[in-house]
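J.: Next one to model:
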Amino acid sequence: MFFKKTTKREQANAQKAAGSAFVFYLLALGGHASYAFFQGESTPVTFVILMTGLLVFFTADWLYNKKHS
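T.: Coordinates of the predicted model:
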């Protein structure tokens, strides 16, 4: 499974699945961070995780696009 060659179709499907998972985590962490914020927590950990994840994603996307252009 881990060492098998993947076809272009399987790679495209994996990209779609990763995008779906990213959106799910974005919504789940965003919802929890909003809830924690309105409940009065000082610095919700989920908010820090959400912002760090977004920063990593957009930075990596920018670097990959810069590398391939």
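J.: Which residue lies closest in space to the residue most central in space within the chain, excluding its sequence neighbours?
T.: Of all residues in the chain, the one closest to the mean position by CA atoms, centre = their mean is residue 22, 3.8 Å from it. Leaving aside its chain neighbours, residue 22 sits nearest to residue 57 (7.1 Å; criterion: CB to CB, 6 or more residues apart in numbering). C-betas here are computed from N, CA, C, even on glycine.
J.: pretty sure that neighbour is touching residue 19, no?
T.: No: with contact defined as CB atoms under 8 Å, residue 57 does not count as touching residue 19 (10.7 Å).
J.: so how many other residues sit close to the residue nearest to residue 22?
T.: Residues contacting residue 57 under the criterion other CB atoms under 10 Å number 12.
J.: and the gap between it and residue 42?
T.: Counting by CB to CB, to the nearest Å, the gap from residue 57 to residue 42 is 26 Å.
J.: what do you get for residue 20?
T.: Plainly put, residue 20 is 32 Å away from residue 42 if you go by CB to CB.
J.: Between the two, which has more neighbouring residues?
T.: A count of neighbours by other CB under 10 Å puts residue 20 above the other of residue 20 and residue 42, at 10 against 6.
J.: Remind me which helix or strand that one belongs to.
T.: helix 8-39 (DSSP states H and E).
J.: Would you mark the buried spots in that helix?
T.: Applying a neighbour-count criterion of 16 or more other CB atoms under 10 Å, one finds 29, 32, 33, 36 buried in helix 8-39.
J.: Which strands or helices does the host helix or strand of residue 48 pack on?
T.: Secondary structure assignment for residue 48, by DSSP H and E: helix 45-67. Applying 3 or more CB pairs under 8 Å, 6 or more residues apart in numbering; DSSP states H and E, we find helix 45-67 packed against helix 8-39.
J.: what helices or strands is the helix it packs on leaning on?
T.: helix 45-67.
J.: For the helix it packs on, what does the pLDDT average out to?
T.: Helix 45-67 comes out with an average pLDDT of 80.
J.: Can you show me the CA trace of it as CSV?
T.: What follows is helix 45-67, C-alpha atoms only, in CSV (Å, rounded to 0.1, in the frame of the first residue of the first chain):
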residue,chain,number,x,y,z
VAL,A,45,-5.2,26.8,22.0
THR,A,46,-7.4,25.8,19.0
PHE,A,47,-7.2,29.3,17.7
VAL,A,48,-3.4,29.2,17.8
ILE,A,49,-3.4,25.8,16.0
LEU,A,50,-5.9,27.1,13.4
MET,A,51,-3.8,30.2,12.6
THR,A,52,-0.5,28.3,12.6
GLY,A,53,-2.0,25.7,10.2
LEU,A,54,-3.3,28.4,7.9
LEU,A,55,0.1,30.2,8.0
VAL,A,56,1.9,27.0,7.2
PHE,A,57,-0.5,26.1,4.3
PHE,A,58,-0.4,29.5,2.6
THR,A,59,3.4,29.9,3.1
ALA,A,60,4.0,26.4,1.6
ASP,A,61,1.6,27.1,-1.3
TRP,A,62,3.4,30.4,-2.0
LEU,A,63,6.8,28.8,-1.9
TYR,A,64,5.8,25.9,-4.1
ASN,A,65,4.3,28.2,-6.7
LYS,A,66,7.4,30.5,-6.6
LYS,A,67,9.6,27.4,-7.1
